[in-house]
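Undergrad: sequence first, then the predicted structure:
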Amino acid sequence: DAGVTQSPTHLIKTRGQQVTLRCSPKSGHDTVSWYQQALGQGPQFIFQYYEEEERQRGNFPDRFSGHQFPNYSSELNVNALLLGDSALYLCASSSTDLVGANEKLFFGSGTQLSVL
Amino acid sequence: DAKTTQPPSMDCAEGRAANLPCNHSTISGNEYVYWYRQIHSQGPQYIIHGLKNNETNEMASLIITEDRKSSTLILPHATLRDTAVYYCIDNYGQNFVFGPGTRLSVLP
């Protein structure tokens, strides 16, 4: 049973460019959340997708956008990259059917984005 | 902002129990207490969660006080591979809010 997979593992971009990160959720999961983790800090919630719609959003500008596909996989897009966007981007999946006693987030290993 | 507070760092001798505290001062009645850990350059890993009762699994034990305002994660026999950042989180059905966590160093 494959867990959460993310691609690519590392990426280098320059300021002003655009980037797309990809995530495949754990088998059986229908909800994907994206987090940004700066060096030395805990992960910060960007947004969550369910049924191909953005369901919740954290305090991130609209340069950050996403998409969820019918197979539940997801993309995170960041436009007009800034130096401060350099971070580890984590994808997490969960199942809406398991909210409450059985709810768990499963994380991928992340994409390390460096903006030069 | 994170709803929980944790000490920034702790040390533990290899083979001894590691007891990691967490304060949940604003936890609400239906929110569960979760613990995750993150080993360097990896995504956070689920450890354990509970509502009111103490819980145990193959990784750890979770002790929750009766008023649910604090919890303790116990790693009964810490190994060098348990060196990581440990996060405690209150949550029910919302996005998981991570604080800076506790950096646990297991020393040989």
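TA: Cool, the structure landed. Here the structure is a predicted model, which means the values were calculated and not measured.

Undergrad: so A:Gly3 sits against A:Ser109, correct?
TA: No: in this structure A:Gly3 lies outside contact range of A:Ser109 using Cβ atoms under 8 Å: 9.1 Å. For the C-beta atoms, the positions are set from N, CA and C on the backbone; glycine is no exception.

Undergrad: so what does A:Gly84 look like in phi/psi?
TA: Dihedral pair for A:Gly84: phi -70, psi -10, per degrees, to the nearest 10.

Undergrad: got the residues of chain A near chain B?
TA: Where proximity means Cβ under 8 Å from any Cβ of the partner chain, the interface of chain A facing chain B comprises A:4, A:33, A:35, A:40-45, A:48, A:56, A:58, A:88, A:90, A:92, A:99-101, A:103-110, A:112.

Undergrad: now, these that are in helices?
TA: When the residues of chain A next to chain B are checked against helices using DSSP state H, none is located there.

Undergrad: got a PyMOL select line for the buried ones in those residues?
TA: This is how PyMOL selects the buried members of these, with burial counted by 16 or more other Cβ atoms under 10 Å in any protein chain shown:
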select buried, chain A and resi 4+33+35+42+43+44+45+48+58+88+90+92+103+104+105+106+107+108+109+110+112
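
Undergrad: and the residue sitting nearest the centre point of chain A, what's its pLDDT?
TA: Against the mean C-alpha coordinate of chain A, by Cα atoms, centre = their mean, the closest residue is A:Trp34 at 2.7 Å. Model confidence at A:Trp34, given as pLDDT, is 97.

Undergrad: so it touches A:Gln44, yeah?
TA: No: A:Trp34 is beyond contact range of A:Gln44, at 9.9 Å (criterion: Cβ under 8 Å).

Undergrad: show me where pLDDT drops low in chain A?
TA: Along chain A, the parts satisfying pLDDT under 70 run over A:1, A:100-101.

Undergrad: B:Tyr92 touches B:Asn30, doesn't it?
TA: Yes: with the criterion set as Cβ under 8 Å, B:Tyr92 and B:Asn30 qualify as a contacting pair; they are 4.8 Å apart.

Undergrad: between those two, who's got more neighbours?
TA: Taking neighbours as other Cβ atoms under 10 Å in any protein chain shown, B:Tyr92 and B:Asn30 compare with B:Tyr92 leading, 15 against 10.

Undergrad: separation between that one and chain A?
TA: Using Cβ to the nearest Cβ, to the nearest Å, B:Tyr92 is found at 7 Å from chain A.
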